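Asks: Quick one: sequence and predicted model below, then my questions.
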Amino acid sequence: MKIDPVSNPLDKLPPILKKNLDRNLCVCNEVLKMDIIDAIVNGATSVGEIKKQTFATVGSGCCTQQVERLIECLCSPETKK
């Protein structure tokens, strides 16, 4: 599923996931949270695709659950109309 480029993808995130966008989500490979969000917005809809584009989750994998949560939030259809 492609994200609507017109809307702000950060609007789909709960407040807790909007914190620390300029910090590393993947500490093993120093991948910023915003870089992962950008990859999702540009079409990466699985952990494998995020791994290929950003190298996040390649180290110990401790960020995998957070990456999955970002994918879930950003790729789910809008519930509010």
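Replies: Received, thanks. Numbering: from 1, shown residues only.
Asks: helices or strands next to the helix ranked longest in the chain in the packing?
Replies: Taking DSSP state H as the criterion, the chain has its longest helix at helix 64-75. Contact here means 3 or more Cβ pairs under 8 Å, 6 or more residues apart in numbering; DSSP states H and E; on that basis helix 64-75 packs against strand 24-26, helix 33-41, helix 47-54. C-beta coordinates here come from the backbone N, C-alpha and C atoms, glycine included.
Asks: want to throw those into CSV with mean pLDDT?
Replies: Below are these laid out as CSV (pLDDT from 0 to 100):
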stretch, mean pLDDT
strand 24-26, 96
helix 33-41, 96
helix 47-54, 96
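Asks: for these, which one sits closest to residue 14?
Replies: Residue 14 sits nearest to helix 33-41 of all the helices and strands packed on helix 64-75, at 13.3 Å, using Cβ to Cβ.
Asks: Could you pull out the buried residues of that closest one?
Replies: 33, 35-37, 39-41 (16 or more other Cβ atoms under 10 Å).
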